[in-house]
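> A structural model of the following input is requested.
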Amino acid sequence: MQQSNSASSVGESNDSPAQLIDARIAELGDWRGQTLARIRALIKQADPEVVEEWKWRGVPVWSHAGILCTGETYKSVVKMTFAKGASLADPAGLFNSSLEGNTRRAIDVHEGEEIDEQALQELIRAAVALNTARAKR
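Residues are numbered from 1 along each chain as shown. Okay, the predicted model is just below:
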């Protein structure tokens, strides 16, 4: 899969991560931008202290005491990759990608799919709790 990198040229400017994520959403201009914007809003609601970052030449990243997740956009999917997803309980079964690894887990959202917003926010809060517990060690 090839990641959409139209905003990567913006990434070379002095814009803040939030501005770069705004630009990515606007440049996508389709269901992927709408999905990324919704995911972003849910993350911020679940963790008002989340830090937005822009890494790896154009990937939105949300952190709190370490990386929580990324928001990658591809032609046919918006992928949320949780850095420590394998260590998180997923009672709603949101993880549907990168299931074979020992560390990361991902959620692929395709066009027209509904996001279980409550379950996603619970997963975000669990990732924050995991990161903050590890940071206190």
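
> now do G112 against V77, distance only.
To V77, G112 is 12 Å away according to Cβ to Cβ, to the nearest Å. For every residue, glycine as well, the C-beta is placed using N, CA and C.

> ok, these two, which is more surrounded?
The residue with more neighbours, out of G112 and V77, is V77; 18 against 6, by other Cβ atoms under 10 Å.

> in the protein, which helix is the longest?
helix 117-135 (DSSP state H).

> other SSEs contacting that one?
helix 31-46, strand 67-73 (3 or more Cβ pairs under 8 Å, 6 or more residues apart in numbering; DSSP states H and E).

> next, format these as CSV and append mean pLDDT and mean neighbour count.
CSV is the format used below for the helices and strands packed on helix 117-135 (pLDDT from 0 to 100; neighbours: other Cβ atoms under 10 Å):
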stretch, mean pLDDT, mean neighbour count
helix 31-46, 98, 18
strand 67-73, 97, 23
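
> rewinding a little: for the longest helix of the chain, what does the pLDDT average out to?
Averaging pLDDT along helix 117-135 yields 95.

> which outside residues touch it?
For helix 117-135, the external contacting residues (Cβ atoms under 8 Å, 6 or more residues apart in numbering) are 39, 42-43, 45-47, 50, 64-69, 82-85, 87-92, 94, 107.

> do that again at 10 Å, thanks
38-39, 41-47, 49-50, 62-69, 80, 82-85, 87-95, 105, 107, 109, 115-116 (Cβ atoms under 10 Å, 6 or more residues apart in numbering).

> so how many other residues sit close to T132?
The burial count for T132: 13, using other Cβ under 10 Å.

> need the helices and strands packed on helix 117-135 in TSV with distance to V128, can you?
Output for those, formatted as TSV (distance: least, Cβ to Cβ, whole Å):
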stretch	distance to V128
helix 31-46	8
strand 67-73	7
